[in-house]
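[1] need coordinates for the following:
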Amino acid sequence: MVEYAALKFNVASIPMSENPKKVIVGMSGGVDSSVSAWLLQQQGYQVEGLFMKNWEEDDGEEYCTAAADLADAQAVCDKLGIELHTVNFAAEYWDNVFELFLEEYKAGRTPNPDILCNKEIKFKAFLEFAAEDLGADYIATGHYVRRADVNGKSRLLRGLDGNKDQSYFLYTLGHEQIAQSLFPVGELEKPQVRKIAEDLGLVTAKKKDSTGICFIGERKFRDFLGRYLPAQPGKIITVDGDEIGEHQGLMYHTLGQRKGLGIGGTKDGSEDPWYVVDKDVENNVLIVAQGHEHPRLMSVGLIAQQLHWVDREPFTGTLRCTVKTRYRQTDIPCTINALDDDRIEALSSSDC
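    The predicted structure follows:
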């Protein structure tokens, strides 16, 4: 076993366990959870793994992926000398994640299933199972985030690797959930994690990062979504009301989308591409504008609802902060104004 007496990495955010505490690590079969398990061993924890299978709509391809991930998770646990448990949360995933995922598409919105998956599966179903059935003191995951305990409450902090920071996907967690969770790789950068795995001889050292829908994986998205939602072709019109094409279903398009519209970019001899700027769900119409600087693509603010405050009560009044509307987007300075208990207005600071 490789020794990292002085890791040369800052793992100070992993509390040292003087009296061995039991930690159940969510083992995905990837490199991040693999190294998380090893780091916790080095900190004196009693470590066990748990592999979750959360999708049973078997089309052959998915089963092979899940089976391979389980085999990798088992190989890592064998290498580290820890027990691996398995559990099936397919019913919870379908009821609390996937059905809501489909409802959002029906409503013309583009959901982020990873956020809901973390809330309902990884930090609810998994957390409860680990504590109640396996006697865990903590759970741990391979997320690139950190926690800080301040005045009796646990705060969620960004991971130190700016390119891998996943706090965007965990904003719905409460301080109680964070207090029961450990994030060992949050203090590391991805190349460091892979180097540790390589030095340890773990089979996951060079395994590519998972992509696609949480627990479902990479798919031909249009075909996959069409299995659950009937496609309804409709008109594509410009912001001026001109009909210029036909879409195969509003669910296949998202605001700001450029590729895959099937209408080219040659109007009036121009080569400027078309972009989706709106959806008329009631009339099944896709609305587009031409050129990446079109005013309909610009916005100085937004209205947000379904607010969640990790470690504090909802605020009233005005607050200066930063905002992002998609993963890995550069933070945008803004001012937010409370509209009511569940809605805020966010305005770009440069336009306030």
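[2] state the pLDDT value of Lys195.
    Looking at Lys195, its pLDDT stands at 97.
[3] could you do Phe215 as well?
    If you check Phe215, the pLDDT there is 52.
[4] cool, and Pro15?
    On pLDDT, Pro15 comes in at 56.
[5] before we move on, what about the one 5 residues further on?
    Pro20 is assigned a pLDDT of 74 by the prediction.
[6] hang on, it in a helix?
    No. Counting by DSSP: H, G, I helix; E, B strand; the rest coil, Pro20 is not found in a helix; it is coil.
[7] give me the low-pLDDT residue ranges for the protein?
    Where the chain drops to pLDDT under 70, the residues are 1-19, 57-64, 211-219, 264-270, 350-352.
[8] any idea where the helices of it begin and end?
    Taking DSSP state H as the test, the helices found in the chain are 31-42, 61-80, 90-93, 99-106, 113-117, 126-134, 175-179, 190-200, 221-226.
[9] contacting residues around Val150?
    Taking Cβ atoms under 8 Å, 6 or more residues apart in numbering, we find Val150 in contact with Asp311. From N, CA and C alone the C-beta is placed, and that goes for glycine too.
[10] so it versus Pro233, what's the distance?
    Distance from Val150 to Pro233, counting by Cβ to Cβ, to the nearest Å: 54 Å.
[11] over to Leu173?
    40 Å.
[12] surely Pro111 touches Tyr105?
    Yes. Counting by Cβ atoms under 8 Å, Pro111 touches Tyr105, with 6.9 Å between them.
[13] report the beta-bridge partner residues of Ala346.
    Leu302, Ile336 (DSSP bridges).
[14] can you count the residues close to it?
    20 (other Cβ atoms under 10 Å).
[15] let me see the ranges of the strands in the stretch 251-352 of the chain.
    Secondary structure of the stretch 251-352 of the chain (DSSP state E, counting those that start in this stretch): strands at 274-280, 285-290, 301-305, 318-323, 332-340, 343-348.
[16] can you give the domain ranges for this structure?
    Under the assignment automatic domain parsing, the domains of the chain span 22-221, 231-296, 299-351.
[17] pick the most deeply packed of these.
    Scoring those by mean neighbour count under mean count of other Cβ atoms under 10 Å gives domain 22-221 as the most buried, with a mean of 18.
[18] spatially nearest residue to His143 (excluding sequence neighbours)?
    Nearest residue to His143 in three dimensions, chain neighbours excluded: Gln166, at 4.8 Å (Cβ to Cβ, 6 or more residues apart in numbering).
[19] show me the contacts for the one you found.
    Taking Cβ under 8 Å, 6+ apart, we find Gln166 in contact with 143-145, 159.
[20] just those: which are in strands?
    Among the contacts of Gln166, the members found in strands (DSSP state E) are Val145.
[21] distance to Asp278 added to the contacts of Gln166, as a markdown table?
    Below are the contacts of Gln166 laid out as a markdown table (distance: Cβ to Cβ, whole Å):
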| residue | distance to Asp278 |
| --- | --- |
| His143 | 34 |
| Tyr144 | 34 |
| Val145 | 34 |
| Gly159 | 35 |
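[22] give me the distance between the residue nearest to Phe98 when sequence neighbours are not counted and Glu99.
    Spatial nearest neighbour of Phe98, excluding adjacent residues (Cβ to Cβ, 6+ apart): Pro113 at 7.6 Å. Look at Pro113 and Glu99: by Cβ to Cβ, they are 11 Å apart.
[23] over to Arg147?
    Taken as Cβ to Cβ, the span from Arg147 to Glu99 is 31 Å.
[24] before we move on, what about Thr172?
    Separation of Thr172 from Glu99 (Cβ to Cβ): 17 Å.
[25] likewise for Asn284?
    As for Asn284, its distance to Glu99 is 22 Å (criterion: Cβ to Cβ).
[26] kindly report the same for Pro184.
    Between Pro184 and Glu99 the computed distance is 33 Å (Cβ to Cβ).
[27] ok, now Gly135?
    32 Å.
[28] go on, Ser348?
    Using Cβ to Cβ, one gets 35 Å for the distance from Ser348 to Glu99.
[29] cool, and Ile303?
    Taking Cβ to Cβ, one finds Ile303 at 26 Å from Glu99.
[30] equivalent analysis for Asp331, please.
    32 Å.
[31] got it, and Ala66?
    If you measure Ala66 against Glu99 using Cβ to Cβ, the figure is 21 Å.
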